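K.L.:
Attaching a predicted model along with its sequence, questions to come.
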Amino acid sequence: MADGVEVRGNRVRVYFRYQGELCREAVSGDATPANIANAQRLAGTINYEIQQGTFDYARHFPNSPKVKTSTLGYYLDLLLDIKRNEMSASGYRGHASKVRNHIRPKWGNRQAESIEHIEVTAWVQQELMAKLHNKTIRDIVNIMHQTYTLYRSRNRSAHDPTTGITIKLPDTEEVDPFNREEIEKILTPDPDLQQEINLAQFMLWSGPRVSEAISLAWEDVIDLEAGIVRFRRAQVRGHYKVTKTRRSNRELKLLKPAHDALLAQFKLTGHLPPVEVAVTERDNRTVRKSRLRFVFHKTTTRAAWTSSDVLLKNWWVGHLEKHGVRYRSPKNCRHTFASQVLSTGVAPVEWIAEYMGHTTTAMIHRHYGTWIPRRAHDQLDIIAAALKL
């Protein structure tokens with residue numbers, strides 16, 4: 001029997017080595033001399049195409065299980081299965097949405113090896129750039145890159161069509177905090193919505209992420225009279241999880257306005273019964289049940305806020321408009337705290353980074369550099385005095 005052809009019983013198969021793997025595929029028809037001769041010609045054609053780099057597995061064997069398990073869609077599914085256990089629920093939803101809405105419709109049914117760099121580049125430049133922000137496009141390209149990394153773990157000689165595609169991002173927008181006049185307007189007393197005012201005051205003067213503020217529980221208040229709290233969880237779209245990083249799990253002593261808001265809130269929710277919630281740990285797999293009494297409730301439902309989106313749509317937008325404050329999102333309360341404290345020139349940048357749960361001071365310099373006083377001349381005077389110059 002010629003190389004590349006084998007007969008088993010009354011069946012004929014061709015075999016060949018492709019991408020480092022020995023492949024065997026059945027040829028239709030019985031093992032007649034004519035079919036064996038056809039199989040020999042097919043084996044020769046396949047080996048020639050492999051040498052020339054033009055072999056298309058799906059064209060020769062469209063019903064082969066190898067074809068079905070070599071589509072990009074197959075590897076996208078594998079990647080999503082991995083990401084489901086690695087990412088937070090909100091992060092995974094974003095990942096899956098980009099696969100479902102952008103990558104799979106375009107490439108899911110294609111053989112992964114057949115997708116060329118020039119095709120992906122044209123798709124990015126002509127289709128994605130026309131309708132998506134650069135950050136979203138970069139995330140999509142990165143997902144494809146990760147998919148090909150997974151694909152190449154099985155097909156080591158395969159190419160990655162995303163190699164060399166770089167998506168540049170615009171400069172980060174400067175933060176736009178509220179000034180003291182706007183803060184006073186935001187905190188205008190409203191007897192009918194006192195809990196919302198307390199929440200705004202607390203965020204403006206303690207600087208948590210919105211997701212951390214709305215998931216704060218009385219069990220996290222270490223000393224109510226002294227105003228000491230611990231941020232140790234966040235809540236995104238109704239899903240509770242531990243804080244973003246270990247550094248974000250922090251214990252703080254509150255400034256007086258934030259402390260006053262906490263004391264006022266205790267009268268409203270401090271004696272309510274706890275509710276049971278599931279909190280996902282940092283491994284995104286372990287889930288622990290906790291019975292918590294949440295500090296800030298939505299006045300109309302008398303229950304904890306379910307997400308920052310609800311806060312935004314149901315109260316924040318209308319509240320700013322009502323009091324003549326130019327719209328910025330609730331996360332600007334965090335920016336406002338940082339800018340107000342930094343502008344005093346008293347607090348070191350390192351202290352601000354630790355207080356706000358940043359992993360490094362680089363984030364503080366990048367976002368709030370405008371409010372960091374420039375005191376180089378003062379420092380030189382101090383150095384000169386110390387050196388007796």
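P.N.:
Good, I have the coordinates. Numbering: from 1, shown residues only.
K.L.:
ok, and the closest non-adjacent residue to Leu22?
P.N.:
Tyr15 (6.5 Å; Cβ to Cβ, 6 or more residues apart in numbering). Where C-beta positions appear, they are placed from N, C-alpha and C, glycine not excepted.
K.L.:
for the one you found, phi and psi?
P.N.:
phi -130, psi 150 (degrees, to the nearest 10).
K.L.:
do the one 10 residues further on as well
P.N.:
For Glu25, the backbone dihedrals are phi -140, psi 140 (criterion: degrees, to the nearest 10).
K.L.:
Now for it: which residues touch it?
P.N.:
By Cβ atoms under 8 Å, 6 or more residues apart in numbering, the residues touching Glu25 are Arg13, Val14, Tyr15, His60, Phe61, Ser64, Lys66.
K.L.:
Same check on Val229?
P.N.:
Ser206, Leu216, Asp220, Val221, Ile222, Glu251, Leu252, Leu254, Leu262.
K.L.:
and if we set it to 6 Å?
P.N.:
Val229 makes contacts with Asp220, Val221, Leu252, as judged by Cβ atoms under 6 Å, 6 or more residues apart in numbering.
K.L.:
from those, which ones fall inside strands?
P.N.:
Val221, Leu252 (DSSP state E).
K.L.:
Would you mind listing which of the contacts of Val229 are buried?
P.N.:
Asp220, Val221, Leu252 (16 or more other Cβ atoms under 10 Å).
K.L.:
Reformat these as a markdown table; add distance to Tyr355 and pLDDT.
P.N.:
Converted to a markdown table, the buried ones among the contacts of Val229 look like this (distance: Cβ to Cβ, whole Å; pLDDT from 0 to 100):
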| residue | distance to Tyr355 | pLDDT |
| --- | --- | --- |
| Asp220 | 16 | 96 |
| Val221 | 17 | 95 |
| Leu252 | 6 | 91 |
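K.L.:
Make JSON lines from the residues you listed and add distance to Met129 to it.
P.N.:
Listed next are the buried ones among the contacts of Val229 as JSON lines, based on distance: Cβ to Cβ, whole Å:
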{"residue": "Asp220", "distance to Met129": "45"}
{"residue": "Val221", "distance to Met129": "49"}
{"residue": "Leu252", "distance to Met129": "43"}
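K.L.:
so which of those residues comes closest to Ala338?
P.N.:
For those, the minimum distance to Ala338 (Cβ to Cβ) is 13.7 Å, reached by Leu252.
K.L.:
Below-threshold pLDDT in the stretch 1-150 of the chain: ranges please.
P.N.:
1-2 (pLDDT under 70).
K.L.:
which ones are touching Arg170?
P.N.:
One correction, residue 170 is Pro, not Arg. Pro170 neighbours (Cβ under 6 Å, 6+ apart): none.
K.L.:
would you say it is within a strand?
P.N.:
No: when DSSP: H, G, I helix; E, B strand; the rest coil is applied, Pro170 is found to be coil, with no strand at that position.
K.L.:
I'd guessed the residue nearest to Leu22 sits against Val27; true?
P.N.:
No: when contacts are counted by Cβ atoms under 6 Å, Tyr15 is not listed as touching Val27 (10.9 Å).
K.L.:
Just want to know which of these two has more residues nearby.
P.N.:
Using other Cβ atoms under 10 Å as the criterion, Tyr15 and Val27 rank with Val27 on top: 18 against 14.
K.L.:
in the helix or strand harbouring that one, what counts as buried?
P.N.:
Assessed by DSSP states H and E, Val27 sits inside strand 21-30. For strand 21-30, a neighbour-count test (16+ other Cβ under 10 Å) marks Cys23, Glu25, Val27 as buried.
K.L.:
Please report the distance of the residue nearest to the second one when sequence neighbours are not counted from Gly29.
P.N.:
Same thing as Glu25. Computed as Cβ to Cβ, 6+ apart, the closest residue to Glu25 that is not its neighbour in sequence is Phe61, at 4.9 Å. Counting by Cβ to Cβ, to the nearest Å, the gap from Phe61 to Gly29 is 15 Å.
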